[in-house]
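# what's the 3D shape of this:
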Amino acid sequence: RRLWRTFLFIPVAQAASPRLIGIDMSSFSSAQPSLSTDKQLNAKPLLSASQLSLSFQKHRLLDRINIHLFPNEIVGLIGANGAGKSSLMKVLLGIMQADHGQVLLGENVLSSLSRKAIAKYLSYVPQDTHLDFDFSVRDLVCMGRQPYLGAFSSLRQQDITMVDLALEAMDIGHLADQLASQLSGGERQRVFIARALAQESTLLMMDEPTANLDICHQLEVMQWLRRYVNQASQAKPARACLIAMHDINLAARYCDRLVLLNKGKCVATGTPKAVLTPANLAAYFQIQGQVNIDQYHAINISDMRLL
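Numbering: from 1, shown residues only. As a prediction, this is how the structure comes out:
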């Protein structure tokens, strides 16, 4: 089952490499969330889910969750451990079946699509990067091209080019021939993100992608995500990202909207400023902290203490 998930839910996206995206990255001097425009607000959602509920052994994991992803935005899922972030992602990916509710990818019902069609539309960077089989770094990144190939097809030149660019973008080209199982946790996380870069899709979902990364690579990944969703191309006119995070300061700085979960329920949604209030920090994280707005109009929480 784990191998099946590896091939069908491959991380997505375009890299921070100008050659891969085909844009001038020097135009992005700011990594701040993009401001909503009337055009964006009136756009059709790339993903919409309504009244999602999920139970396991009489335990309610999700309770009537509604969530929408619009073009050119990063939405952060935040909440304490056990809040329902990973469960929600698995339902949105089709890995788990909700007891109630519906998920739409564009205008298509998720359950009506083939696995290959889903993998072309959205992709997933998991929190757990453990591998049951030994793959080289290059072979693992090559799996990002699987949705575009036949069952017994070989990689085409365009696939090889995308893989090379993805390795370069994550600065792991020198690890290409090593076994991924022999890498550190942070290096292996970058391999899984590189696998995303080798795949083209509309939506990217990431479950704690910065958890094993040092601070430099955390910022690099988040800045790449910001650029990824801010850019459209002829092939991919609209993109969006849903990311589950525990680091609320990173989430506040880079996400356009936050969805705060608690015990399977959505208890707050909106801009970081609207969600990360002292009252919410106390009620759902059991901390107190100073909510600040820096010179770039980004929210950050300082002087955090346990209640």
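
# low-confidence ranges, the protein, go.
For the chain, the stretches flagged by pLDDT under 70 are 1-42, 232-237.

# which parts of the stretch 1-150 of the chain are strands?
Along the stretch 1-150 of the chain, counting by DSSP state E, counting those that start in this stretch, strands occupy 47-56, 59-69, 73-78, 100-105, 108-109, 122-125.

# tell me which of the ones you listed sits nearest to residue 231.
The closest of the strands of the stretch 1-150 of the chain to residue 231 is strand 73-78. By C-beta to C-beta, the value is 12.7 Å. For the C-beta atoms, the positions are set from N, CA and C on the backbone; glycine is no exception.

# name the helices or strands packed onto the longest helix along the chain?
In the chain, taking DSSP state H as the definition, the longest helix is helix 215-230. Under the contact criterion of 3 or more C-beta pairs under 8 Å, 6 or more residues apart in numbering; DSSP states H and E, helix 215-230 touches strand 73-78, helix 185-197, strand 203-207, strand 240-244, helix 248-254.

# so for residue 221, which of the ones you listed sits nearest?
helix 185-197 (6.5 Å).

# list the buried residues in the closest one.
186, 187, 188, 189, 190, 191, 192, 193, 194, 195, 196, 197 (16 or more other C-beta atoms under 10 Å).

# from these, which is closest to residue 51?
residue 196 (29.5 Å).

# correct me if wrong: that closest one contacts residue 122.
No: counting by C-beta atoms under 8 Å, residue 196 does not reach residue 122; the two are 10.9 Å apart.

# distance-wise, check the residue lying closest to residue 122 once chain neighbours are set aside relative to residue 90.
Nearest residue to residue 122, sequence neighbours excluded (C-beta to C-beta, 6 or more residues apart in numbering): residue 203, at 3.8 Å. In this view, residue 203 and residue 90 are 14 Å apart by C-beta to C-beta, to the nearest Å.

# and if you look at residue 282?
29 Å.

# settle it for me: which of these two has more neighbours?
residue 90 (22 against 13; other C-beta atoms under 10 Å).

# ok, residue 274 - contacts?
residue 268 (C-beta atoms under 8 Å, 6 or more residues apart in numbering).

# tell me if it really is in a helix.
Yes: assessed by DSSP: H, G, I helix; E, B strand; the rest coil, residue 274 belongs to a helix.

# roughly how far does it sit from residue 259?
11 Å.

# need the overlap of contacts for the two.
residue 268.

# can you redo the strands of the stretch 1-150 of the chain as TSV with distance to residue 172?
Formatted as TSV, these follow (distance: least, C-beta to C-beta, whole Å):
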stretch	distance to residue 172
strand 47-56	29
strand 59-69	28
strand 73-78	23
strand 100-105	30
strand 108-109	34
strand 122-125	15
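
# now mean neighbour count and distance to residue 144 too, for those, in TSV please.
What follows is the strands of the stretch 1-150 of the chain, written out as TSV (neighbours: other C-beta atoms under 10 Å; distance: least, C-beta to C-beta, whole Å):
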stretch	mean neighbour count	distance to residue 144
strand 47-56	18	20
strand 59-69	19	21
strand 73-78	25	21
strand 100-105	17	19
strand 108-109	12	22
strand 122-125	25	8
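
# what's the closest of the ones you listed to residue 255?
Between the strands of the stretch 1-150 of the chain, strand 73-78 lies closest to residue 255; by C-beta to C-beta that is 3.7 Å.

# that concludes my questions; thank you for your assistance.
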